[in-house]
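[1] No sequence on hand, only this structure:
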């Protein structure tokens, strides 16, 4: 708690140091009881709607954090999302949010969102909707049957093996005595690999034969059953059919285990030979009995119909998405508002008694026994059942931190509102966020959870919209280079390579830091911190300061410079457009161009009205990027009031185009040059060319067959060959 307060104070100080404008009356603290009270209220809402439930299962456990992790928080190599290794599975009873109920809506809602394609793709892949057929394959001995899912029913006659996920309930049970030890060992080893690792296709296709066989009901073939970790229990039924001729992973698995690969969807020009790689496209059916010669797309429908008529399968939709595991065995989190009663079972805490306050304790570290530190606080645990009044126990797990961050953006509307999570009128006035800026690394966690949470709120009539962030932009990530090794890695507190704004500002100034960060790369690109390059940003600001002082020290003189007026207007338009599309580096480049034009003009022409106006415009346009020096420039230029309360500069309604010289050719030979507006269109350019000096005489007696226009540069008049 003290650390959080200390860090929050530091963030405030740094934001103020950097000149960030923020209304501190809208500050929220998600660790405060008056905030997480409403997170608990939302938990009860989800529970009432059947969207919060407690269930046993094999969960990911981080031995360093000493808590469970959601699937989304386990990275490749069985690494915790906080960077800790050694993550493994444990059997635990945990709380979940039923996000899978919203899978289709979360998927369909992506179409209307103005989000980066990579984020939308990440969510689509994470939700992982698959349409296909689930076929029931009985064991040869009749002791069990497997429901095997496929997205390509047209390939069912090409099944040469069935693969179970290591977690499948039959994976070990169906193993024959001679195979059981190997199967059990393989399942134990696979359980320690993350879903990301198992889903990769760049390693060996491991697996083990169970010794069991099932019957393919479509062609009555006897099919061996394997266990392999490339099949995930979280996808479909945890059992898939292996069709090596038509699936890349199945092809690799068959090659590794010497399994035959019959072709059932023939590629164009197939001569009956074995394939050297999987054919995953369409084709004509082969080796498929009654479906031979049929197009594979038609065969898919026909086979799906056939298995449903014969009651050996059914059409099905499956998802990769799993329910959101929200239990955490940590002290620091919103307590789950549930009471366990021996008589009544699981009982929600009354809403009137919220918040269930996190107690102040001396020892908040996890005990390593799988229980939350709160389990060791009797005054917190022991309570009365809200339903029957008997002695009961509070739930001691706390909620995943992403629960509190799934709705925080709405609390900004009315941070002090005490009668609900937010004021309904304020929400009606403001609506959903106009723009959300956040990292793409939250694509399958915070951004997905917040969408789910908002959909539930909309269904409950709490919000008038279903999508919290209609427009999203993802900023790049700052990296640092290790001076000893040259290795580049993301700036992170855990790696100790963070460069604080305090130290850079103390050395170079706040505005120099701001301009450098905004100019060094496009907004959405990752970049490597380069303090040497900051000198250029400082020189730019120093030149701006010298320009303003020099201008202020000179007497006004008469003069007219239409080119400068045109450049000023064009700079306004371009900077405004660049800011709107978050292209800050190009906006600063436009300001540099304007400054480069102003400095020599002032020396050459003196303090003209055009130069003074363009310099004031420069200060106004610079203000969002370098607010402190822009204020000083404005005062030096005798501006009234603060630069930050001025109206945004306006360009002429229509840009005044410059002029260009068009080369006029006749049959490829230069015959004249004519002046034209820079934005001249083709028809006008051709007309000017034909009226050019000497062109009429040159064309006398010739037939013009066509003209070629190179915008802003050239008109070539082509004539018919002489008879």
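    Done, it's in. Quantities reported herein were computed from a predicted structural model and do not represent experimental measurements.
[2] ok, how many other residues are close to the spatially closest residue to residue 24 that is not a sequence neighbour?
    Excluding its sequence neighbours, the residue lying closest to residue 24 (CB to CB, 6 or more residues apart in numbering) is residue 12, at 7.5 Å. (Glycine included, C-beta is placed from N, CA and C.) Neighbours of residue 12 under the rule other CB atoms under 10 Å: 14.
[3] Does residue 12 lie in a helix or a strand, and which?
    Assigning secondary structure by DSSP states H and E places residue 12 in helix 2-17.
[4] Pull the residues that contact that helix.
    Contact with helix 2-17 is made by 22, 24, 29, 31, 500, 501, 502, 505, 510, as judged by CB atoms under 8 Å, 6 or more residues apart in numbering.
[5] Check stretch 81-89 too.
    Contacts with stretch 81-89, where a contact means CB under 8 Å, 6+ apart, come from 58-65, 69, 72-75, 77-80, 191-192, 194, 494.
[6] In this protein, where is pLDDT below threshold?
    76-77, 196-197, 199-203, 367-368, 653-657, 723 (pLDDT under 70).
[7] what's the longest helix in it?
    Ranked by residue count under DSSP state H, the longest helix found in the chain is helix 584-605.
[8] buried set for that one?
    Across helix 584-605, burial judged by 16 or more other CB atoms under 10 Å covers 584-588, 590-592, 594-595, 597-599, 601-602, 605.
[9] Next, work out how far apart the closest residue to residue 101 other than its chain neighbours and residue 106 are.
    Once flanking residues are discounted, residue 101 sits nearest to residue 51: 6.4 Å by CB to CB, 6+ apart. Per CB to CB, to the nearest Å, residue 51 is found 13 Å from residue 106.
[10] still on that earlier bit, just the residues contacting the longest helix of the chain, thanks.
    Counting by CB under 8 Å, 6+ apart, 515, 518-523, 540, 543-544, 547, 550-551, 554, 557, 559, 561, 564, 567-568, 571, 574-575, 578-579, 611, 614-615, 617-618, 621-622, 625 sit against helix 584-605.
[11] cool, and stretch 689-696?
    Stretch 689-696 is contacted from outside by 662, 664, 666, 671, 672, 673, 674, 699, 707, 715, 717, using CB under 8 Å, 6+ apart.
[12] So which bits of it are buried?
    With burial defined by 16+ other CB under 10 Å, the residues of stretch 689-696 counted as buried are 689, 690, 692, 695.
[13] following the longest helix of the chain, which helix or strand comes up?
    Next element after helix 584-605 (DSSP H and E): helix 609-622.
[14] So what touches that following helix?
    544, 547-548, 551, 556, 559-561, 564-565, 567-568, 571-572, 575, 587, 591, 594-595, 598, 601-602, 605, 629-630, 633-634, 637, 639, 643, 646, 648-649.
[15] Among the contacts of stretch 689-696, name the ones in strands.
    Secondary structure from DSSP state E places 662, 664, 666, 671, 672, 673, 674, 707, 715, 717 of the contacts of stretch 689-696 in strands.
[16] partners of the third one in the sheet?
    Beta-bridge pairing of residue 666 under DSSP bridges involves residue 669, residue 717.
[17] Begin at 607 from now on, thanks
    Fine by me, first position is 607 from now on; the one you just mentioned is residue 1272.
[18] where does residue 1177 land in three-state SS?
    With DSSP: H, G, I helix; E, B strand; the rest coil as the basis, residue 1177 sits in helix.
[19] Please report the distance of the nearest residue to it once chain neighbours are set aside from residue 1143.
    Nearest non-adjacent residue to residue 1177, counting by CB to CB, 6+ apart: residue 1200, 4.7 Å away. Here the distance between residue 1200 and residue 1143 works out to 16 Å (CB to CB).
[20] before we move on, what about residue 924?
    Between residue 924 and residue 1143 the distance is 53 Å, computed by CB to CB.
[21] ok, which stretches of the stretch 1007-1156 of the chain are strands?
    1042-1043, 1078-1079, 1084-1087, 1094-1096, 1133-1134 (DSSP state E, counting those that start in this stretch).
[22] For the third one, which strands pair with it and how are they oriented?
    Right, the one you point to is strand 1084-1087. Assessed with DSSP bridges, strand 1084-1087 is paired to strand 1094-1096 (antiparallel), strand 1133-1134 (parallel).
[23] Also the first one?
    Note on strand 1042-1043: by DSSP bridges, its sheet partners are strand 1078-1079 (parallel).
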